[in-house]
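> The following block contains a protein sequence and its predicted model.
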Amino acid sequence: MIEFYQVTKRYPGGQLGLDDVSLQIPKGELVFLTGPSGAGKTTFLKLIYREEMASEGYILVNGRNVSNLPERKVPYLRRTIGVVFQSFRLIPRKTVFENVSYLPRVLGLDAKQQRKVAYDTLRRVGLAHRMNAFPMQLSGGEQQRVAIARALINRPDILLADEPTGNLDPELSEEILRLFLEINLEGTTVIFATHDRGLIRRVGRRVLTLEDAKLRRDEHLPGEMVPPAPRRRSEPEAPPDASPEMESAGLSEPVDADPIGAGA
Amino acid sequence: MIEFYQVTKRYPGGQLGLDDVSLQIPKGELVFLTGPSGAGKTTFLKLIYREEMASEGYILVNGRNVSNLPERKVPYLRRTIGVVFQSFRLIPRKTVFENVSYLPRVLGLDAKQQRKVAYDTLRRVGLAHRMNAFPMQLSGGEQQRVAIARALINRPDILLADEPTGNLDPELSEEILRLFLEINLEGTTVIFATHDRGLIRRVGRRVLTLEDAKLRRDEHLPGEMVPPAPRRRSEPEAPPDASPEMESAGLSEPVDADPIGAGA
Amino acid sequence: MTFLQALLYFTREASVNLIRGWKVSLLAILTITLSLFLTGSFFLVSSNLSQLTKTWRGESKVVVYFAPGTDSAARDRVRGEIAAAAWSGEVSEVSPEQAATRFRSAFPSLEDLLEGWGDEPLPASLEIQVDWSTVDGEAMRADLETLRTDPVVDMVDDDRDWLAQLETAVLLLRGLALVLGGVLLLTAVFTIASIIRLTAYLYHDEIAVQRLVGATEFFIRGPFYIEGLLQGLLGGTLAAASLALGHWLALRRGDGLLVSVLLERFLVPSQLLLLVTLGGLAGLFGAVASLRKESLGRTAEVPDGGWEEEV
Amino acid sequence: MTFLQALLYFTREASVNLIRGWKVSLLAILTITLSLFLTGSFFLVSSNLSQLTKTWRGESKVVVYFAPGTDSAARDRVRGEIAAAAWSGEVSEVSPEQAATRFRSAFPSLEDLLEGWGDEPLPASLEIQVDWSTVDGEAMRADLETLRTDPVVDMVDDDRDWLAQLETAVLLLRGLALVLGGVLLLTAVFTIASIIRLTAYLYHDEIAVQRLVGATEFFIRGPFYIEGLLQGLLGGTLAAASLALGHWLALRRGDGLLVSVLLERFLVPSQLLLLVTLGGLAGLFGAVASLRKESLGRTAEVPDGGWEEEV
Ligand SMILES: Nc1ncnc2c1ncn2[C@@H]1O[C@H](COP(=O)(O)OP(=O)(O)OP(=O)(O)O)[C@@H](O)[C@H]1O
Ligand SMILES: Nc1ncnc2c1ncn2[C@@H]1O[C@H](COP(=O)(O)OP(=O)(O)OP(=O)(O)O)[C@@H](O)[C@H]1O
Ligand SMILES: [Mg+2]
Ligand SMILES: [Mg+2]
């Protein structure tokens, strides 16, 4: 449950990021966030995971006021929120695997589990074969998918995706969208900021439209696409396409050959 | 004129960026470059402005072999090429104005001319009012437009745009496309890498499709849109919307109120 | 995760980062090495110098001249009194004959002078070695004053001139050692902290990302602290090694008074250990100082004029 | 663009960068200040010390004792010979009466000794001040040997012991000055270069972008060179100012021999200027060293293991 009460964000310098926005997003919903460049989408998301603080009004996330959350509790808020940043924000000194498995590592998962969960998640975005590359060695779209994998790895309660398909081709965008729908079906609240009206049109759902920092429209659109069935983990899958990374990770159970599980 | 002769690019580590690509792009053409994520689009562009060197084959730009261009001549090649980088690559310590007018400054344009040309170009992407902001203070789409303005400012012979509308809303994307068409009509060769099939469909033109580092298709598509007439600079325009930046820049001639000249 | 596991994790992370960013690390380590090498050389030279002053001090003595004709019982009494004093070292008696012999060898041309004086041309005296480094100056001065009033004592010569000069030299050396040593140490610590802080600036964005994905400060800083510590320890070890090498080379090649006086003995192991520890502590301190929360701006995308500004 | 225009542009860019990145700049400048302050203090103290040794040296003398009964003509001849020698300074004659007076004041208890000797109990002598800093030791030694064979000369006492000790002290100080001064200077230059190089790492991406949009090396490096130069000059100036302040404070507060001996005179303006220049040069050198083309990888997006690797 995410609640905004008359939230205004003024940046130092006077720029308005968000202007008197009030709304509620119930738990488990998938919401699209759209609006022209500079409308305040990123600002809206930043306020939720407290990269920025509201200048006025207050924001509740799962009933907690994030504005007056003490500094040392902020990490725990953020652990429940997966964020796909608009500019990716991968750590250049860490490999794809290390970037993706950073939070599990911090949470104390053992090395084998880390490898497994990182491999699984990377496979879902079609990047398991680039696990040991550094971000700078990836194409723009590949970096974006690493960012997506990192946001998903901890099965967050809330997923904030800021333009997560801006560097992806239509097929991959569709697959990422399906992935988000799946995750949403598993109970995660998803806020999906995007300019891609095609995507929104295909799925339908609730659409928030920001413009000039104000919430202009909050509407429900019908979709063209049938939502996917929830992925069943125990389902028998195709034989693995024998990746060396996977073998070195000590994984031996059957894995999905379909890179992002779109066939589910 | 850009010519590729059996060009292969292998990255250290063995990753194939481009595989045996041969093609010619005549002077003054506008070409779309498309293909799935990781297909080699960015690699293709990097080879032209020599951020990367071909592993095999050779590349001629305006008849010059860029692969064996001596190091100290590379800057002069690059000055004739405007590049919109996929990751923007703005200089964080410099303001929008300074980022955009960097090349004119290096080329020795006097301060007044710099201001004028930077202001003009920023106006064309709708960002004249953010001239004194730093890149980090802009939204993703705004940063992308600064990158576009920087690529255009020197009226380059060749314009390489790597996913220049990935962070823009459909209206702005369309306007940027129009801008590129205009610039193309003024004689600039444009290579426009994009995933946005809608854009391609609207304009038509030649489309290069890369896949798995190989050139899969090289076809001409008919477009839906009528190409814009070349912008006439002397045309009487609407009154300026009195921006303080403009006044401080000492500009007094009438300027276009339409932010990116889409009304032309 | 237990604390030990966390420490293990930090160390692994830190080592990987050290190796991946080896250029920056090398620069940092070498600067640390240089700072500590400088400090170490200084202590090496100054400990040798203080050895030298100790030798000088050891050479000084107090001479008590007896009045002519003092009998051996009185002389023994005085000698006993002196030997009982806390400040006195070895006491030796110079008989009138020995004094004459010395006079002759010091001023051969004046030899005939002595002839005219009869049996005891020069007075007997006591020479007392004084270990100035352990002496209580006040007590000694008082004792000497008492001695001067003794009827059998003719004169007490306590090398005052030479001692004043020595005192000056020692004071100079001590002062230099204190000032320079202090300044050097401060410089080393400050330099190391600056270097580590600069490298932390380099990783500013990385730290911001770690915060944004929900890592606690403990986990973000741990690896950086250990990285600073490791850099400092490596720098200290390198400094100790270069000192040893430099010392060996200087002794092997250099000759003459200078080398032997300045470099005669090397630092003792505990001093070397101190150097390494110092490096480690400075590195750790630098990392801690440079990662103070305020210094790294919690939001990476909102600096006021570039990444290096605080918001 | 003329070279002058370019220089102007570089300076403007460099100043703006210094101010925008003031935290990093401040850190760099302070480290430079510290390095140069250390070097400067060292030269301050060592120049005062060398002044002191000059004074010590000035106090030493050669004494020529005449044989008893030498007449004044012979004494004047010897005196003339000595005065003609290049190594001799002021020459003063000590008559037998003066010698006796001195003896009495030095050894009051032995006064009656002199009584028994008649008219000239002690020989006449010549005391020659020697400026050891300008003396040709070999020539002097030879001259003294000749003097010794002169029939009217009884003995030549050239303070050999005291001089040997002085020589040692001077040698020590010189050696220390050379070694420490050299090491300090090297450290300062290396530290400054490291600092500037680290800041250049910070701007690695910025430099890569400038290359990618078609700037020539001249234009990319100019501002960085000037930035290094400015940082160095600022650091040098701050160091000179802190030295002056420190000196003033020490003289005002501190008392006693130590301060007056170590800090009596301040550096002369040309030395201060040298310090500032040194800072500037080191900063420039650091910038040049750190911007060597190879060190910054021409392509920003293709490092092998993070931005800090070369391709
Ligand atoms: N740190 C900042 N300082 C000042 N102004 C800012 C800052 N961040 C964003 N802004 C301004 O706030 C407004 C909203 O920015 P925001 O990033 O939320 O837009 P957005 O909807 O995400 O746009 P885009 O689609 O281009 O990413 C913009 O005008 C932007 O210039
Ligand atoms: N520096 C590098 N080192 C190693 N491999 C690289 C490097 N840069 C790119 N690659 C690889 O080369 C292939 C092509 O990359 P490129 O960036 O050209 O793709 P792209 O078509 O631009 O993709 P996108 O649409 O995702 O930006 C990718 O598989 C990528 O992982
Ligand atoms: Mg945004
Ligand atoms: Mg690309």
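Sure, I can see it. Ligands and ions are numbered 1, 2, ... in the order given.
> all strands of chain A, in order?
Using DSSP state E, the strands found in chain A span residues A:2-10, A:16-25, A:30-34, A:56-61, A:64-65, A:81-84, A:158-162, A:189-193, A:205-211, A:214-221.
> can I get the CA coordinates of the helix or strand harbouring C:V209 in CSV?
In the assignment (DSSP states H and E), C:V209 maps to helix C:204-212. The C-alpha coordinates for helix C:204-212 follow below in CSV (Å, rounded to 0.1, in the frame of the first residue of the first chain):
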residue,chain,number,x,y,z
HIS,C,204,31.2,7.9,-4.4
ASP,C,205,28.7,6.7,-6.9
GLU,C,206,29.3,3.1,-6.0
ILE,C,207,28.6,3.9,-2.3
ALA,C,208,25.5,5.8,-3.3
VAL,C,209,24.2,2.8,-5.2
GLN,C,210,24.9,0.5,-2.3
ARG,C,211,22.8,2.8,-0.1
LEU,C,212,20.0,2.9,-2.6
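> same for that helix, what does it pack against?
helix A:74-79, helix C:217-253 (3 or more Cβ pairs under 8 Å, 6 or more residues apart in numbering or on different chains; DSSP states H and E). All C-beta atoms are positioned from the backbone trio N, CA, C, and that covers glycine.
> Next, the angle helix C:204-212 makes with the longest one.
This points to helix C:217-253. Our comparison of helix C:217-253 with helix C:204-212, counting by axes from the mean of the first three to the mean of the last three Cα atoms, to 10 degrees, yields an angle of 150 degrees.
> is chain A contacted by helix C:217-253?
Yes. Under the criterion of Cβ under 8 Å from any Cβ of the partner chain, chain A is reached by helix C:217-253 at C:E217, C:F219.
> Now that helix: average pLDDT?
Helix C:217-253 comes out with an average pLDDT of 89.
> Let me see the contact set for A:G82.
Taking Cβ atoms under 8 Å, 6 or more residues apart in numbering or on different chains as the criterion, A:G82 is in contact with A:R150, A:A151, A:L152, A:I153, A:N154, A:P156, A:I158, A:L159, A:L160, A:T188.
> Let me know the closest of those residues to ligand 2.
A:R150 (16.7 Å; Cβ to the nearest ligand atom).
> what separates the nearest residue to C:E206 once chain neighbours are set aside from A:E98, distance-wise?
For C:E206, the nearest residue in space outside its immediate sequence neighbours is A:I91; the separation is 4.9 Å by Cβ to Cβ, 6 or more residues apart in numbering or on different chains. Applying Cβ to Cβ, to the nearest Å, the value for A:I91 to A:E98 is 8 Å.
> Show the contacting residues for C:G280.
C:L229, C:G232, C:L233, C:G236 are the contacts of C:G280 under Cβ under 8 Å, 6+ apart.
> Mind telling me what element it is part of?
Going by DSSP H and E, C:G280 is in helix C:269-290.
> what about the residue of chain A found nearest ligand 4, how many neighbours?
Of all residues in chain A, A:G140 sits closest to ligand 4, at 4.1 Å by Cβ to the ion. Neighbour count for A:G140, taken as other Cβ atoms under 10 Å in any protein chain shown: 23.
> isn't it right up against A:N167?
Yes. Using Cβ atoms under 8 Å, A:G140 is in contact with A:N167, at 4.2 Å.
> quick one on the thing from earlier: taking the contacts of A:G82 one by one, which sit in helices?
The helices, defined by DSSP state H, take in A:R150, A:A151, A:L152 from those.
> In space, what's closest to the second one - neighbours in sequence excluded?
Using Cβ to Cβ, 6+ apart and skipping the chain neighbours, the partner closest in space to A:A151 is A:G82 (3.5 Å).
> A:L103 now?
A:N154 (5.1 Å).
> related to what we said a few turns ago, out of the strands of chain A, deepest packed?
Greatest average neighbour count among the strands of chain A goes to strand A:81-84 (a mean of 26), per mean count of other Cβ atoms under 10 Å in any protein chain shown.
> pLDDT at C:L284, what is it?
90.
> and the residue lying closest to it once chain neighbours are set aside, how far is that from C:R20?
Ranked by Cβ to Cβ, 6+ apart and with sequence neighbours excluded, the top spatial neighbour of C:L284 is C:L229, at 4.5 Å. Counting by Cβ to Cβ, the gap from C:L229 to C:R20 is 18 Å.
> Next one, pLDDT for the residue in the stretch 101-250 of chain C positioned nearest to chain A please.
Residue of the stretch 101-250 of chain C nearest chain A, by Cβ to the nearest Cβ: C:G214 (3.6 Å). Note on C:G214: pLDDT of 92.
> Could you do A:R105 as well?
pLDDT, read off for A:R105, is 89.
> Over to C:L267?
In this model, C:L267 carries a pLDDT of 77.
> how about the closest residue to it other than its chain neighbours, what does it touch?
Nearest residue to C:L267 in three dimensions, chain neighbours excluded: C:L44, at 5.6 Å (Cβ to Cβ, 6+ apart). Counting by Cβ under 8 Å, 6+ apart, C:L44 makes contact with C:L243, C:H247, C:L263, C:F266, C:L267.
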